[in-house]
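Enquirer: Here is a sequence with its predicted model. Questions after.
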Amino acid sequence: MSIVPHFLFLKSVLENTDLVAMLPARLVNGSKTLQVLEPPLDLPSFEMAMLWHERTHRDPAHQWLRDYIVNSIEANEGIG
């Protein structure tokens, strides 16, 4: 087992060790040295949610950020 400060470091760690990791395929796409495999077991699904305080509900900046997050997730649905 190994601990990294952020999951984006995993690609570099995996390319330079014999370790394995479970992460979205899109994080290692384009690697010439890593192999992407389906997990050997069924994994449970999970639900995502956004929560915010009522006072920011109508704030244009907060609305923009929430819309941006939703659009980004929808654009990447089903990708790794």
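Expert: Perfect, I can see it now.

Enquirer: could you pull out the helices for this structure?
Expert: With helices called from DSSP state H, the chain shows them at 10-15, 60-76.

Enquirer: May I see those helices arranged in JSON lines, with mean neighbour count, distance to I3 and mean pLDDT as well?
Expert: Every C-beta, even on glycine, is put in place using the N, C-alpha and C of the backbone. Shown next, in JSON lines, are the helices of the chain (neighbours: other CB atoms under 10 Å; distance: least, CB to CB, whole Å; pLDDT from 0 to 100):
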{"stretch": "helix 10-15", "mean neighbour count": "15", "distance to I3": "10", "mean pLDDT": "85"}
{"stretch": "helix 60-76", "mean neighbour count": "11", "distance to I3": "26", "mean pLDDT": "92"}
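
Enquirer: Include distance to V4 when you put these into a markdown table, please.
Expert: As requested, these are exported to a markdown table (distance: least, CB to CB, whole Å):
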| stretch | distance to V4 |
| --- | --- |
| helix 10-15 | 6 |
| helix 60-76 | 22 |
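
Enquirer: who wins for proximity to M48 among those helices?
Expert: Distance to M48, taken as CB to CB, is lowest for helix 60-76 among the helices of the chain, at 7.0 Å.

Enquirer: Contacts for that closest one, please.
Expert: The contact list for helix 60-76 (CB atoms under 8 Å, 6 or more residues apart in numbering) reads R26, M48, M50, W52, T56.
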